[in-house]
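Q: sequence unavailable; structure follows:
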């Protein structure tokens, strides 16, 4: 092979590289990301308690421990969208919005995140049991279920330090049968559950303070 032939073989990968990059970019479909979006519930009928509560990160059931949007359109079946995703894992989203809502309610002296260096009076932890789109014929629903546990940080007795454990469920109809409609319905479900959790946690802590 002559000198000219060697030069051609050396330059060939460089000549092909730009076209390869362009093809890869054209073939990649756009991923659409969704999140929850709602105003914190107004809770104006409760008097602030002088306690500090810490909200630990929520765990997620294996079926929903992904940023992919999961849907159910038949019994015993779960599937996922490929080009539609949540902006964050359901556990991270639920933890963020619940902590934001409890803080906004103003019913506790302070609400801390799990990585705070400050001590807390009570700890709230939980799990995301359901976080999916339920397709039933013409009606699509957002299915959300959270199990919450509240513990007294100062009580070493494991038989006494759990104030309560409860599962909260909500089904909200989607305004339109697509991921945008799901995000809106899931936001409404989260808002309702968040208010119920805040009120129940408040009541449990208030009873502990008053009754020892």
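A: Thanks, I have the structure now. Nothing here was measured: the structure is a model prediction, and the numbers come from that model. Numbering: from 1, shown residues only.

Q: summarise which helices and strands the longest helix along the chain is packed against.
A: Longest helix in the chain, counting residues (DSSP state H): helix 179-211. The helices and strands touching helix 179-211, judged by 3 or more CB pairs under 8 Å, 6 or more residues apart in numbering; DSSP states H and E, are strand 32-34, strand 49-55, helix 90-105, strand 122-136, strand 139-152, strand 162-173. The way it works is simple: take the backbone N, C-alpha and C, and place the C-beta from them, glycine included.

Q: residues of that helix that come out buried?
A: When burial is assessed from 16 or more other CB atoms under 10 Å, helix 179-211 yields the following buried residues: 179, 181-202, 204-205, 208.

Q: ok, now stretch 66-76?
A: The neighbour-count criterion (16+ other CB under 10 Å) identifies 67, 69-72 as the buried residues of stretch 66-76.

Q: circling back to that earlier point, the longest helix of the chain to helix 90-105, inter-axis angle?
A: Taking axes from the mean of the first three to the mean of the last three CA atoms, to 10 degrees, one finds that helix 179-211 is oriented at 60 degrees with respect to helix 90-105.

Q: neighbours around residue 131, how many?
A: Residue 131 has 27 neighbouring residues, counting by other CB atoms under 10 Å.

Q: looking at it now. What's its pLDDT?
A: The pLDDT attached to residue 131 in the predicted structure is 98.

Q: beta partners of it?
A: For residue 131, the residues forming beta bridges with it (DSSP bridges) are residue 144.

Q: which residues touch it?
A: Under the criterion of CB atoms under 8 Å, 6 or more residues apart in numbering, the contact list for residue 131 reads 60, 64, 70, 90, 94, 143-145, 186.

Q: same thing but at 7 Å, please
A: 64, 90, 144 (CB atoms under 7 Å, 6 or more residues apart in numbering).

Q: now swap in residue 112 and tell me
A: With the criterion set at CB under 7 Å, 6+ apart, residue 112 makes contact with 52, 54, 118, 120.

Q: same question, residue 111
A: The neighbours of residue 111, taking CB under 7 Å, 6+ apart as the test, are 53, 55, 99, 102-103.

Q: could you work out the most separated pair of the contacts of residue 112?
A: Between all members of these, the longest pairwise span (CB to CB) is found for 54 and 118 and amounts to 8.6 Å.

Q: of those two, give the one with the bigger neighbour count.
A: Neighbours were tallied for residue 54 and for residue 118 using other CB under 10 Å; the higher tally belongs to residue 54 (22 against 8).

Q: hmm, the more buried one is touching residue 123, no?
A: Yes. Look at residue 54 against residue 123 with CB atoms under 7 Å: they come within range, at 5.0 Å.

Q: so which helix or strand takes in residue 84?
A: Element membership for residue 84 (DSSP states H and E) is strand 79-86.

Q: so for that strand, what gets flagged as buried?
A: By neighbour count on 16+ other CB under 10 Å, the buried set for strand 79-86 is 81, 84-86.

Q: tabulate those residues (TSV), appending distance to residue 40 and pLDDT.
A: Conversion of those to TSV gives the following (distance: CB to CB, whole Å; pLDDT from 0 to 100):
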residue	distance to residue 40	pLDDT
81	28	94
84	26	96
85	25	97
86	20	98
